[in-house]
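>>> Everything below, folded, please.
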Amino acid sequence: MWYNVDGDSMDRIIFHIDVNNAFLSWSAIDLLINGFKEDIRNYDAVIGGDESRRAGIVLAKSMGAKKKGIITGETLYSARKKCPGLKVYPPNYYVYQTKSNSLFTLLSKYTPDIEIFSIDECFIDYGKVKKLYGDELIFANKLKDEIQEKLGFTVNIGLGNNKLCAKMASDFLKPNMIHTLFNDEIKDKMWPLSIEELFGIGKKTSTKLRGLNINTIGDLANADFDKLAPYFKNQTIKMINAANGKDGSPVISEQVESKGISNSTTLDHDLKTSEEIYKVLHVIADNLCTALREQHRYACVVVVILKDRYFKSYSHQMKLNNGTNITSEVFGISKKLLDEMWNLEPIRLVGIRLDNLVKEVNYQMSLFESNEDRTKVSKLDKTVDDLKIKYGHNVIGNAYLKDDNIIKKY
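From the prediction side, this is the model:
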């Protein structure tokens, strides 16, 4: 979870490894392997979707195309107007996944503490293995060179005392570079940057911030909470913490994930409204809670995971006072997490992970809860489960579950 500042991050050393121009680089390598005579990285080229459909946008661009003003996300029609001789190549997601796997396999020989953040980037908790491999800068350079030599593509590596700073550092000057953003460098390296460059700040948020004369990350870091709170509500403290380089979130490796259960759905179109995402969250919450009830287990942590159209991933989590396997509770928590984390960018993947699973719970009631009502809801879920087993999954549902375009899976 970004912006969780529990604990001291001074003793942590986090790497963020980001493939330079992944889709174009990986396509270039695959084309060369299959007999293509030219390296598409060396001329005006882009990776783009089908122009006859909505997917006809620029997914990745060469340096030459970038110099002509072409930007990721614009239509291919617009890109061709800027560069009439532009070469367009279709994406090959099988190749991308294969190249991605090769990177993570190489990294895993050094440490199991790897969090895959998207298809072309990940975090490593280097502090846990520093005694094995020595100085972090020396090792980062060795790793960067090994990736280029063995896999044929380049990466940027950002180093920081937490994930947020490591991520920010890797986005400094590219390609094939090592950058640091440790706690004592935040004021000099991060605060002068424009507010749009702060990770997690979307276009709508940055526009609103600039309207309040918050133009740089430093402006936000030193902003008055009371001045911003009416505009950004519960996002305010998270934004200010981020601008100050504060993030206590752990590197979550696959081993940790296996202690829970998860379910995600990739849509064939962008989700642009909360209501659209709520529908998907409800289906996923229902699937996961049904599975938990079958196993007689309860989740103590709920995590919501989002990926945008460019495979960039972010997540937000909540630790519960009381473990639960009640669909309405997990759905309600997921909605709250979405409202707190979503930066209004179009979303292609929605997921929920339920962690810290336990076999029994000792329910702690608050003054505003009724144990009788909670028991009724739990019994209702069990009745619905029994009906699904007897008559099929679609025998009963509610308004959120009636969208046939949502994939139900577990």
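>>> could you pull out the strands for the stretch 201-350 of the chain?
For the stretch 201-350 of the chain, applying DSSP state E, counting those that start in this stretch gives strands covering 261-271, 298-308, 313-324, 347-358.
>>> Mind listing the strands the second one pairs with, and their directions?
Which is strand 298-308. Note on strand 298-308: by DSSP bridges, its sheet partners are strand 313-324 (antiparallel), strand 347-358 (antiparallel).
>>> So which of the ones you listed is the most surrounded?
Among the strands paired with strand 298-308, strand 347-358 has the highest mean neighbour count (mean count of other CB atoms under 10 Å), at a mean of 20. Placement of C-beta: from N, CA and C, glycine included.
>>> rewinding a little: of the strands paired with strand 298-308, which is nearest L267?
Across those, L267 has its closest neighbour in strand 347-358 (5.7 Å, CB to CB).
>>> Report the mean confidence score over that closest one.
What strand 347-358 shows for mean pLDDT is 89.
>>> CA atoms only for it, dumped as PDB, please.
Output of strand 347-358 as PDB, limited to C-alpha atoms (Å, rounded to 0.1, in the frame of the first residue of the first chain):
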ATOM      1  CA  ILE A 347      -8.600   1.100 -15.700                       C
ATOM      2  CA  ARG A 348      -8.200  -2.200 -17.500                       C
ATOM      3  CA  LEU A 349      -7.700  -4.600 -14.600                       C
ATOM      4  CA  VAL A 350      -9.400  -4.800 -11.300                       C
ATOM      5  CA  GLY A 351      -8.500  -7.200  -8.500                       C
ATOM      6  CA  ILE A 352      -9.000  -8.000  -4.900                       C
ATOM      7  CA  ARG A 353      -6.600 -10.000  -2.700                       C
ATOM      8  CA  LEU A 354      -7.600 -11.300   0.800                       C
ATOM      9  CA  ASP A 355      -4.700 -11.900   3.100                       C
ATOM     10  CA  ASN A 356      -3.900 -13.000   6.600                       C
ATOM     11  CA  LEU A 357      -6.500 -15.800   6.400                       C
ATOM     12  CA  VAL A 358      -7.600 -17.400   9.700                       C
END
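>>> from the middle of its chain, how far away would that strand be?
Averaging C-alpha positions (CA atoms, centre = their mean, to the nearest Å) puts strand 347-358 12 Å from its chain's average.
>>> cool, stretch 148-156 as well?
23 Å.
>>> Going by neighbour count, list what's buried in it.
Across stretch 148-156, burial judged by 16 or more other CB atoms under 10 Å covers 151, 153-156.
>>> Was I right to think I40 contacts S62?
Yes - counting by CB atoms under 8 Å, S62 is a contact partner of I40 at 6.6 Å.
>>> Now do the shared contacts for those two.
Common contact partners of I40 and S62 (CB atoms under 8 Å, 6 or more residues apart in numbering): L24.
>>> Any figure for the gap between N322 and V303?
17 Å (CB to CB, to the nearest Å).
>>> my bad, I29
34 Å.
>>> Between these two, which has more neighbouring residues?
Using other CB atoms under 10 Å, the more surrounded residue of I29 and V303 is V303, with 22 against 19.
>>> Least confident secondary structure element in this structure?
Of the helices and strands making up the chain, the lowest-confidence element is helix 254-257, at a mean of 48, by mean pLDDT, DSSP states H and E.
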